[in-house]
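Asker: build me a model from this:
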Amino acid sequence: MIRFILGRLIKAVFILLAILVFNFLLIHAAPGDPAAVMAGEAGAADEKFLADLRANFGLDQPLYVQLWLYIKGAVQLDLGYSFRQQMPVAEMIGDRLPATLLLTGVAFVLSLVLGVAAGVAASARQGRWGDTIISTFALLFYATPLFWVALMATLVFSVWLEWLPGFGYSTIGAGYTGLAHVLDVAKHLVLPASTLGLFFTAIYMRMTRASMLEVSRLDFVKTARAKGLSRGVIQRRHILRNALLPVITLAGLQAGQIFGGAILTETVFAWPGIGRLMFEAINQRDYNVILGVFYISAAMVLLFNLITDVIYVIVDPRIRLTT
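Answerer: Below is the predicted model:
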């Protein structure tokens, strides 16, 4: 196991470097730069002012020099300075990352637990009303755009019913501490986490249902039934454990995609995470912030994939890890 993890970590370093280079070249190929945006906002877009700004930001250097300086800094975990905020990008991301991890972590666990439970319930009632109702809701959640769900959830539960706060991380000016602060954050987390998790709940439900039905037709399940084992034991020990393998694979891939969904969710709910930070940086052409968020997101995706491979072995001991 240790040898496998070390091998994957070494590969991850080279993958991160390749992602850094690709993103750097892609962003610099886009029209506009931070100097042009800032000069336009200042109402002083003459060539001398632009040249001075580019010189201050290091944007007047050749592209290969900028790339080398950025990679050298990124290897040392120095992600540069924000052109707009004039503060280290690593510090900005560090301030926002806990909020994003909290949101995506809760949404991921919630969607996985509810999706698997709904998939098991639907497969146990195949062809009946229970299966039809669960599958219909899953299809509805899957087909509905995320931004529409977010807006409707805010309108219904925050504006009309006034049950939950619709924006922010915590109540501004409340000064809560200890348990009161935790409960306040949890109350603000309900709407964004539920909205972000609904789409993935539908995916896990459909995958679990299909996998459960497929495994239930295999010979070893028929043997278990012939031995007189109870339906609950067969479902838990024989069908569900084997049916979870494709669900775990999908969950490992979707864990990285949840970060992408967090950008929209954080923007709608004013959640102070790195998704909203990247949205603001894109509008401002703040290259270093954008690259820093991409860097952290890629590292998290690689970490999720590694964790998925390890969980595979725990769920199914027949699988052997190789580097």
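Asker: how about the strands in this protein?
Answerer: For the chain, strands defined by DSSP state E do not occur.
Asker: could you pull out the helices in it for me?
Answerer: 2-29, 34-42, 47-57, 63-75, 89-124, 129-143, 146-153, 179-216, 219-226, 231-233, 241-269, 274-284, 287-315 (DSSP state H).
Asker: so which of those helices is nearest Phe83?
Answerer: Phe83 lies closest, by C-beta to C-beta, to one member of the helices of the chain: helix 34-42, at 4.1 Å. Quick note: C-beta positions are derived from backbone N, CA and C, even for glycine.
Asker: measure Val113 to Gly292 for me?
Answerer: 32 Å (C-beta to C-beta, to the nearest Å).
Asker: more neighbours, the two?
Answerer: Gly292 (24 against 13; other C-beta atoms under 10 Å).
Asker: isn't the more buried one right up against Ile93?
Answerer: Yes. With contact defined as C-beta atoms under 8 Å, Gly292 and Ile93 form a contacting pair (5.4 Å).
Asker: okay, and the common contacts of these two?
Answerer: Leu79 (C-beta atoms under 8 Å, 6 or more residues apart in numbering).
Asker: re earlier: among the helices of the chain, which is nearest Phe167?
Answerer: helix 241-269 (5.9 Å).
Asker: tilt between that closest one and helix 146-153?
Answerer: 70 degrees (axes from the mean of the first three to the mean of the last three C-alpha atoms, to 10 degrees).
Asker: share the number of residues neighbouring Thr154, please.
Answerer: 20.
Asker: roughly how far does it sit from Leu306?
Answerer: In terms of C-beta to C-beta, Thr154 sits 36 Å off from Leu306.
Asker: for the helices of the chain, which one sits closest to Thr171?
Answerer: Closest among these, once you apply C-beta to C-beta, is helix 179-216, at 5.5 Å.
Asker: now the closest one: average pLDDT?
Answerer: What helix 179-216 shows for mean pLDDT is 88.
Asker: by contact count, what packs against that helix?
Answerer: Helices and strands touching helix 179-216, by 3 or more C-beta pairs under 8 Å, 6 or more residues apart in numbering; DSSP states H and E, are helix 89-124, helix 129-143, helix 146-153, helix 241-269.
Asker: among those, which comes closest to Lys11?
Answerer: That would be helix 241-269 among the helices and strands packed on helix 179-216, by C-beta to C-beta, at 15.9 Å.
Asker: I'd guessed Val159 sits against Gly166; true?
Answerer: Yes. Shown here, Val159 and Gly166 form a contact pair, counting by C-beta under 8 Å, at 6.9 Å.
Asker: who has more neighbours, those two?
Answerer: Gly166 (20 against 9).
Asker: phi, psi of the more buried one?
Answerer: The phi/psi pair for Gly166 (degrees, to the nearest 10) reads phi -100, psi -10.
Asker: does it touch Ser158 like I think?
Answerer: Yes. Taking C-beta under 8 Å as the definition, Gly166 is a contact partner of Ser158 at 3.1 Å.
Asker: what residues are shared contacts of these two?
Answerer: Contacts common to Gly166 and Ser158, judged by C-beta under 8 Å, 6+ apart, are Leu191.
Asker: and Leu101, how many neighbours?
Answerer: Neighbourhood size, Leu101 [other C-beta under 10 Å]: 15.
Asker: can you pull the domain assignment for the chain?
Answerer: The chain resolves into domains spanning 2-89, 101-285+298-315 when parsed by automatic domain parsing.
Asker: okay, these, which one's buried deepest?
Answerer: domain 101-285+298-315 (a mean of 17; mean count of other C-beta atoms under 10 Å).
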